[in-house]
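>>> let me see the structure of the following:
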Amino acid sequence: MTYTHTQASPSSKLFFVQQGMSPVNKEGQIQGTRALYQGPGAYGIAQLSLQETKDATKGDKTFRTTFPAVLWNKIAEKTLNLIINNKVVETSVVDFNTAYMGFQFTSGMVTVIETRRKSAME
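Prediction:
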């Protein structure tokens, strides 16, 4: 993360895709899974699931991979010592100079969808 990003952005939008795959397709559309982190002043964790889906009814030949995410954010605090009436008072403030981001995988699921008409014998 760069200094400019942490100073100018209130949030961070990330896109999760398979390794080696571009998050943007040939038509310029985003094909990755979006995750919005709170940004500077917070800890952010994305809990990702791996889902592979092939919808045979729609004519899919290959599996489509997505990464549904649940985001957890917590304020990043730092301690300050202030002198008030000649006494040192310890207080907590939000640390807007730092953003902590991470992710973890929670589960995986493969789904094949096929809708067809049943015969009278079924």
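
>>> show me what residue 64 is bridged to.
For residue 64, the beta-bridge partners are residue 53 (DSSP bridges).

>>> so the spatially most central residue of the chain is in which element?
Among the residues of the chain, the one closest to the centroid is residue 35, at 3.1 Å (CA atoms, centre = their mean). If you go by DSSP states H and E, residue 35 is part of strand 33-37.

>>> flag every buried residue along that strand.
For strand 33-37, the neighbour count (16 or more other CB atoms under 10 Å) marks 33, 35, 37 as buried. (Each C-beta comes from the backbone N, C-alpha and C, glycine too.)

>>> do stretch 89-102 as well
95, 99-101.

>>> tell me the mean pLDDT over that stretch?
The pLDDT scores in stretch 89-102 average 82.

>>> what does it rub up against?
With contacts defined as CB atoms under 8 Å, 6 or more residues apart in numbering, stretch 89-102 is touched by 1, 6, 12, 14, 37-46, 75-83.

>>> of those residues, which belong to strands?
Mapping the contacts of stretch 89-102 onto strands (DSSP state E) picks out 12, 14, 37, 42-46, 75, 77-83.

>>> just the buried ones out of those, please.
12, 14, 37, 42-46.

>>> ok, back up a step: the residue nearest to the centre of the chain and residue 54: what is the separation?
Per CB to CB, to the nearest Å, residue 35 is found 24 Å from residue 54.
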